[in-house]
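>>> Generate a structure from the sequence data that follows.
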Amino acid sequence: MTDDNTDGRRWLLTIEGAMLEAIGRATVQFSHLEAELDSFIWSLVAGYDALGGRDSPGARRALEAQRVGQAITARLLFRGKTEVMVALATHRFADRAEVMSAIGTLRNALDGAAEQRNRIVHAVWAGQGGGAETVATGTGVSVKNVLVPQVGMRQNVALHTQEGVAGFADTLAQLGYQMDELRKGLLPDPSATLGEGAA
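Next up, the predicted model:
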């Protein structure tokens, strides 16, 4: 792109900075959520909180459990990770209906968050002439069929507000916190499980 070709810059600038920031926050927050899901899986593999006991004699064993968990999660897509989480939780807690109910609720929330994240991250975004709404077109979007001036054709679009996308980022943060609390509540610290002499 040459300096005198401003078409690309005009396209980008039709999206307000606050909307770009909200999209970025949602993207980053989802990455944190996925990292939390990974650590939950690592802990389910180990049978104790693989993130706990950093300064305890069990810390070395916790690190080993993380490595095994990382080998499992490294090549999985997000939906595959939620399936592994459910399978491991079923293995460990099948006889505890309240735990399995919480895991089922968590899985549904995670899968819904992943779908919303994909609609945001994989959309083609365009501003609506300075209005509060921003158009996102892309796979899985079917809110209504409108003429998108920047594209020059009718497409299925979703209309988003900056507040809505930022609110989704906040929802992701809350979901990550809930998963962290569930992990800590279900799985003991490695120093308690492995004993003080397990270094």
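
>>> make it CA atoms for all contacts and neighbour counts henceforth
Fine.

>>> how about the CA coordinates for the helix or strand harbouring Val68, as PDB?
Element membership of Val68, judged by DSSP states H and E, is helix 59-73. The C-alpha trace of helix 59-73 is given here as PDB (Å, rounded to 0.1, in the frame of the first residue of the first chain):
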ATOM      1  CA  ALA A  59       5.400 -27.600  44.100                       C
ATOM      2  CA  ARG A  60       7.700 -29.900  42.000                       C
ATOM      3  CA  ARG A  61       4.800 -32.400  41.700                       C
ATOM      4  CA  ALA A  62       2.400 -29.600  40.800                       C
ATOM      5  CA  LEU A  63       4.800 -28.500  38.000                       C
ATOM      6  CA  GLU A  64       4.900 -32.100  36.700                       C
ATOM      7  CA  ALA A  65       1.100 -32.200  36.600                       C
ATOM      8  CA  GLN A  66       1.100 -29.000  34.700                       C
ATOM      9  CA  ARG A  67       3.400 -30.500  32.100                       C
ATOM     10  CA  VAL A  68       1.200 -33.500  31.600                       C
ATOM     11  CA  GLY A  69      -1.900 -31.300  31.400                       C
ATOM     12  CA  GLN A  70      -0.100 -29.100  28.900                       C
ATOM     13  CA  ALA A  71       0.600 -32.100  26.700                       C
ATOM     14  CA  ILE A  72      -3.100 -32.800  26.700                       C
ATOM     15  CA  THR A  73      -4.400 -29.300  26.000                       C
END
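
>>> CA-only coordinates of the next helix or strand after that helix in CSV, if you can.
Following helix 59-73 in sequence order, the next helix or strand is helix 78-93 (DSSP H and E). Extracted C-alpha coordinates of helix 78-93, given in CSV (Å, rounded to 0.1, in the frame of the first residue of the first chain):
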residue,chain,number,x,y,z
PHE,A,78,-11.5,-24.6,22.7
ARG,A,79,-14.5,-26.9,22.2
GLY,A,80,-12.2,-29.9,22.5
LYS,A,81,-11.0,-28.5,25.8
THR,A,82,-14.5,-28.2,27.2
GLU,A,83,-15.2,-31.8,26.2
VAL,A,84,-12.0,-33.0,28.0
MET,A,85,-12.9,-30.9,31.1
VAL,A,86,-16.3,-32.7,31.2
ALA,A,87,-14.8,-36.1,30.7
LEU,A,88,-12.2,-35.6,33.4
ALA,A,89,-14.7,-34.2,35.8
THR,A,90,-17.0,-37.1,35.1
HIS,A,91,-14.1,-39.5,35.9
ARG,A,92,-13.4,-37.7,39.2
PHE,A,93,-16.8,-36.6,40.4
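
>>> Between helix 59-73 and helix 78-93, find me the angle.
Put simply, helix 78-93 runs at 130 degrees to helix 59-73, going by axes from the mean of the first three to the mean of the last three CA atoms, to 10 degrees.

>>> Check which helices and strands the longest helix anywhere in the chain sits against.
Longest helix of the chain, by residue count under DSSP state H: helix 17-46. Using 3 or more CA pairs under 8 Å, 6 or more residues apart in numbering; DSSP states H and E, the elements in contact with helix 17-46 are helix 59-73, helix 78-93, helix 97-121, helix 162-186.
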